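Chemist: Provided below for reference: sequence and predicted model.
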Amino acid sequence: MNPNFSYEVTHVCRQSGARLGVLHTPHGDIPTPIYMPVGTSACVKAMTSREMEEIGTKILLSNTYHLHLRPGENLIREAGGLHKFMDWNHPILTDSGGFQVFSLAGIRKIKEEGVTFQSHLDGSRQFISPEVSMDIQEALGSDIAMAFDVCSPYPCDYKTAKEAMERTHRWAERCKAHHTREDQALFGIVQGAFEEDLRIESARTLADMDFIGYGIGGLSVGEPKPVMYDLLEKIRPYLPENKPRYLMGVGSPDCLIEGVIRGIDMFDCVLATRIARNGSVFTSRGRVVVKNGKYAHDFSPLDEACDCYACTHFSRAYIRHLFNAKEITGGRLASIHNLRFLLRMMEEIRQAIAEDRLLDYRKEFYERYDLTKNF
């Protein structure tokens with residue numbers, strides 16, 4: 001047991017089986033279930049750390065791969081660590097770099113020792129192994145580090161999925177053996193592609209390794225959502241009840257609800273800020289493409305139910321104007337709104353769990369939120 005970290009389940013929804021919890025870390029307590037905005041390069045795109053605090057962010061995610069390449073973990077360590085470097089005195093999770101390396105198909109080579117790849121910045125030859133990933137994340141000083149894993153492509157055959165899973169398990173053991181920081185939690189990552197027996201085997205194997213928490217990787221990579229939901233249900237019984245579960249790279253409103261119902265405690269995704277920069281926003285009715293011409297004379301807020309700065313000060317017409325005038329403030333306001341929308345939604349989900357009515361909340365959500373189109 002690591003005395004710096006603990007996870008407690010505070011309530012289980014009688015209606016859905018979803019759970020409320022608290023993850024205690026050196027930089028503060030994290031209420032779960034929680035959505036984690038993504039600050040890839042020590043910054044959530046278009047946002048300042050102060051603004052992230054103002055919208056209710058409890059924990060940020062940063063990217064090991066990108067920070068290793070630029071500015072480098074040694075510079076960040078010299079600055080006093082990632083928290084001080086980005087002026088964020090709250091919990092930070094760093095991914096391992098595994099998914100980013102996986103996405104470099106064609107310019108990377110995976111061997112048992114680790115992965116050799118070309119930098120997407122300058123083409124230079126780079127190498128990350130389980131040990132190197134741990135060294136980078138320890139230098140960054142995040143509260144939660146992720147084990148270095150191998151993500152299977154979608155679709156893939158059974159042999160490929162099994163080999164990637166087994167290597168992930170061997171690398172998880174190496175990560176655990178190499179990791180030394182007592183003020184940093186290490187999470188293992190469940191793999192196994194879309195094979196039920198492999199996913200269960202991976203969950204069991206990693207549970208036996210006794211990590212502080214568990215990520216579920218390799219999902220939301222192009223498969224239909226019902227396939228992902230089914231696998232989450234199959235995996236759930238094999239992950240420890242007293243440890244947090246993190247569904248990696250998932251963050252659309254419907255997936256947040258469905259994931260929580262299936263026992264997930266933590267989520268992250270770049271979707272909110274990515275669509276914001278392109279002029280799309282989440283609303284209570286569904287996605288709105290605010291830069292469309294039909295909003296030129298719409299003086300209502302992005303979402304009348306939202307309490308964010310953008311919604312309480314500006315109209316759709318104004319924000320549309322900013323996008324069409326190519327003013328960067330348009331993307332900033334849309335990002336503030338989308339992030340606050342998801343964070344507020346998680347607050348509502350936690351409240352619904354506490355009141356034993358999460359399935360009612362889901363029903364109400366789907367009655368008003370149109371998943372089939374953008375408005």
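Modeler: Yep, it's here.
Chemist: in this protein, which ranges drop under the pLDDT threshold?
Modeler: Low-confidence segments of the chain (pLDDT under 70): 1.
Chemist: Could you check how far residue 41 is from residue 73?
Modeler: 13 Å (CB to CB, to the nearest Å). C-beta coordinates here come from the backbone N, C-alpha and C atoms, glycine included.
Chemist: Settle it for me: which of those two has more neighbours?
Modeler: residue 73 (21 against 14; other CB atoms under 10 Å).
Chemist: what's that one in contact with, if anything?
Modeler: 67, 135, 136, 139, 140 (CB atoms under 8 Å, 6 or more residues apart in numbering).
Chemist: Could you find the closest non-adjacent residue to residue 45?
Modeler: Leaving aside its sequence neighbours, residue 45 sits nearest to residue 273 (CB to CB, 6 or more residues apart in numbering; 4.8 Å).
Chemist: my bad, residue 331
Modeler: Per CB to CB, 6+ apart, closest to residue 331 is residue 277, 4.5 Å.
Chemist: check contacts around that neighbour.
Modeler: Contacts of residue 277 by CB under 8 Å, 6+ apart are 45, 46, 331, 334, 335.
Chemist: Output the residues you listed as a markdown table; include the columns distance to residue 173 and secondary structure.
Modeler: Converted to a markdown table, those look like this (distance: CB to CB, whole Å; DSSP: H, G, I helix; E, B strand; the rest coil):
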| residue | distance to residue 173 | secondary structure |
| --- | --- | --- |
| 45 | 35 | coil |
| 46 | 39 | coil |
| 331 | 43 | helix |
| 334 | 43 | helix |
| 335 | 39 | helix |
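Chemist: ok, of these, which one's closest to residue 13?
Modeler: residue 335 (31.0 Å; CB to CB).
Chemist: Give me the distance between that closest one and residue 329.
Modeler: 10 Å.
Chemist: Neighbour count: those two, which is higher?
Modeler: residue 335 (25 against 15).
Chemist: ok, residue 79 touching residue 87?
Modeler: No - look at residue 79 against residue 87 with CB atoms under 8 Å: they stay out of range, at 10.5 Å.
Chemist: Looking at those two, which one has more neighbours?
Modeler: Just comparing residue 79 and residue 87: by other CB under 10 Å the higher neighbour count belongs to residue 79, 15 against 11.
Chemist: which neighbours do residue 41 and residue 73 share?
Modeler: Joint contacts of residue 41 and residue 73 (CB under 8 Å, 6+ apart) are residue 67.
Chemist: re earlier: now the two most distant members of the contacts of residue 277.
Modeler: Longest span within the contacts of residue 277, CB to CB: 45 and 334, 11.1 Å.
Chemist: These two - which one has more neighbours?
Modeler: residue 334 (29 against 18).
Chemist: Just give the nearest non-adjacent residue to the residue minimising distance to the centre of the chain, would you?
Modeler: Closest to where the C-alpha atoms of the chain average out (CA atoms, centre = their mean) is residue 268, at 1.5 Å. Leaving aside its sequence neighbours, residue 268 sits nearest to residue 36 (CB to CB, 6+ apart; 4.2 Å).
Chemist: neighbouring strands for the host helix or strand of residue 61, and are they parallel or not?
Modeler: Secondary structure assignment for residue 61, by DSSP states H and E: strand 60-62. Sheet pairing of strand 60-62 (DSSP bridges) gives strand 38-39 (parallel), strand 92-94 (parallel).
Chemist: May I see these arranged in JSON lines, with mean neighbour count and distance to residue 308 as well?
Modeler: Below are the strands paired with strand 60-62 laid out as JSON lines (neighbours: other CB atoms under 10 Å; distance: least, CB to CB, whole Å):
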{"stretch": "strand 38-39", "mean neighbour count": "23", "distance to residue 308": "18"}
{"stretch": "strand 92-94", "mean neighbour count": "26", "distance to residue 308": "23"}
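Chemist: Which of the ones you listed sits closest to residue 365?
Modeler: That would be, of the strands paired with strand 60-62 and by CB to CB, strand 38-39, which comes in at 23.1 Å.
Chemist: outside of that closest one, which residues touch it?
Modeler: Residues contacting strand 38-39 (CB under 8 Å, 6+ apart): 44, 52, 60, 61, 62, 63, 86, 88, 268, 269, 270, 273.
Chemist: If we use 6 Å, what do you get?
Modeler: 60, 61, 62, 268, 270 (CB atoms under 6 Å, 6 or more residues apart in numbering).
Chemist: and which of the residues you listed is nearest residue 345?
Modeler: For the contacts of strand 38-39, the nearest to residue 345 is residue 268 (14.5 Å; CB to CB).
Chemist: What distance do you get for the closest one to residue 171?
Modeler: Taking CB to CB, one finds residue 268 at 21 Å from residue 171.
Chemist: count of residues packed around residue 77?
Modeler: So residue 77, with other CB under 10 Å, has 16 neighbours.
Chemist: Spatially, and excluding backbone neighbours, which residue is closest to residue 140.
Modeler: Closest to residue 140 by CB to CB, 6+ apart is residue 82, at 4.6 Å.
Chemist: do you know how far that neighbour is from residue 62?
Modeler: 6 Å.
Chemist: what is in contact with the two at once?
Modeler: In contact with both residue 82 and residue 62: residue 92, using CB under 6 Å, 6+ apart.
Chemist: my read: residue 352 touches residue 359, true?
Modeler: No - look at residue 352 against residue 359 with CB atoms under 6 Å: they stay out of range, at 8.7 Å.
Chemist: neighbour-wise, which of these two wins?
Modeler: Neighbours were counted for residue 352 and for residue 359 using other CB under 10 Å; residue 352 has more, 23 against 16.
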